[in-house]
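Chemist: Sequence isn't available, so here's the structure alone:
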């Protein structure tokens, strides 16, 4: 079973396979991530790996425009249901296979990659981070937040994922939050 098939099966069976709506871990992590953002409002944000849209719902309140995507059709359907009352012109939810279908034609002042990047091997991770870097506006923020503990289907360690992001040129780390369960870091792209 491919990773895509794995996620498709998870979301087809349950639109909240990790209980992101209800568990304390998920609610607390979401609150800390949102509190770590450097701006009250963002012009254009991108959330790859949006899952069922819980983080997207919170981000939509702080963004003029938000593009959220997931590779699993069932996750996209769940996110669309969760966000059906959001302003349709300000929010897009799309099915995209990353890193190949990164929206390279767009620029963002906020990119949130949460609980996603460790599913990619080193080559795919480098490609995704390079595309994130290329689409981040000057002064924009790149946010990574990932679970620390081991699990079966991870391809990369959280520390390796965040170290790779930290090596991107022109980014300055603004937040480093090391928790017993997750690592959250934000970087700002410095103006030229």
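Modeler: Received, thanks. These figures come from a predicted structure and were not determined experimentally.

Chemist: which strand is the longest one in the protein?
Modeler: strand 136-147 (DSSP state E).

Chemist: Just give me how far the lowest-mean-pLDDT helix or strand in the chain sits from the chain centre.
Modeler: The least trusted helix or strand in the chain, going by mean pLDDT, DSSP states H and E, turns out to be helix 3-13, with a mean of 76. The chain centroid and the centroid of helix 3-13 are separated by 18 Å under CA atoms, centre = their mean, to the nearest Å.

Chemist: and it, which residues are buried?
Modeler: By neighbour count on 16 or more other CB atoms under 10 Å, the buried set for helix 3-13 is 7, 8, 10, 11. C-beta: built from backbone N, CA, C; applies to glycine.

Chemist: again, but for stretch 30-43
Modeler: 30, 33, 36, 37, 42.

Chemist: which residues in this protein form strands?
Modeler: Using DSSP E, strands in the chain cover 42-48, 63-70, 91-95, 108-114, 136-147, 171-178, 182-189.

Chemist: I'd like these laid out as TSV, including mean pLDDT and distance to residue 3.
Modeler: Compiled in TSV, the strands of the chain are given as follows (pLDDT from 0 to 100; distance: least, CB to CB, whole Å):
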stretch	mean pLDDT	distance to residue 3
strand 42-48	97	14
strand 63-70	96	12
strand 91-95	94	15
strand 108-114	97	16
strand 136-147	97	16
strand 171-178	97	27
strand 182-189	97	21
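
Chemist: No more questions from me, cheers.
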